[in-house]
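*Asks:* Generate a structure from the sequence data that follows.
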Amino acid sequence: MTAVAAPARTAPRPRRSAHPSSRRVNRGRPATRGSGAASRTAAPAGTGTARTTTVRATGHGRVVAFVVVATVLALVTAVMFHVVLAQHQMELDRLNVQIAKEQRRYEQDRLTTSALAAPQRVIQEAERLGLVQSPVPAQYLWVPDAPPPAGDVDRTTTTIEDWSKVKPNLGDQQP
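*Replies:* Okay, here's the model as predicted:
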């Protein structure tokens, strides 16, 4: 039996661009990695002979590189965003703890103030200082020909006329 070797196939010629500045010229130099052309050797199945083809890069490498760089930048940006978000969340948590402490202190101060302002306590403190309660209610002094005070709608009314009704509600020691 006689084996006949198949003729070597050549790769189709790349299309030339109409614009002259987009052409690359390889003047006798061997193809390098960055020159846009690559040489590949492959052996067809069952022949035992090597075949050499030249493949021209068509810019897909630049697109892939751009996509990779854009993806890395997007991931770094997302990580930075999450770091800043976590820092601000920690600051908010710290402020919430501080607010809770201040609210507890405020409520404690309100309780203390209400205890100090209780009528019974005020009466006891006045007696301790030697103050005595007047047996007659306070009296307004009227000045002749003086205009009456202007009444404020927003102000509470005085209870000097209702002294006998109000004073017993202030404590047990009232007449």
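*Asks:* Show me where the protein dips below the pLDDT cut-off.
*Replies:* For the chain, residues meeting the criterion pLDDT under 70 lie at 1-8, 11-58, 149-175.
*Asks:* Which helix in it has the most residues?
*Replies:* For the chain, the helix with the greatest residue count under DSSP state H is helix 60-116.
*Asks:* Residue 147 and residue 139, how far apart?
*Replies:* Counting by CB to CB, to the nearest Å, the gap from residue 147 to residue 139 is 20 Å. For every residue, glycine as well, the C-beta is placed using N, CA and C.
*Asks:* what's the answer for residue 98, then?
*Replies:* Between residue 98 and residue 139 the computed distance is 53 Å (CB to CB).
*Asks:* If you count surrounding residues, which of these two has more?
*Replies:* Neighbours were counted for residue 98 and for residue 139 using other CB atoms under 10 Å; residue 98 has more, 10 against 7.
*Asks:* Okay, angle between the helix or strand containing residue 126 and helix 60-116 too, please.
*Replies:* Residue 126 is part of helix 119-128, with elements assigned from DSSP states H and E. Direction vectors for helix 119-128 and helix 60-116, defined by axes from the mean of the first three to the mean of the last three CA atoms, to 10 degrees, enclose an angle of 50 degrees.
*Asks:* Residue 138 - that's part of a strand, no?
*Replies:* No - following the definition DSSP: H, G, I helix; E, B strand; the rest coil, residue 138 is coil and is not counted among the residues of a strand.
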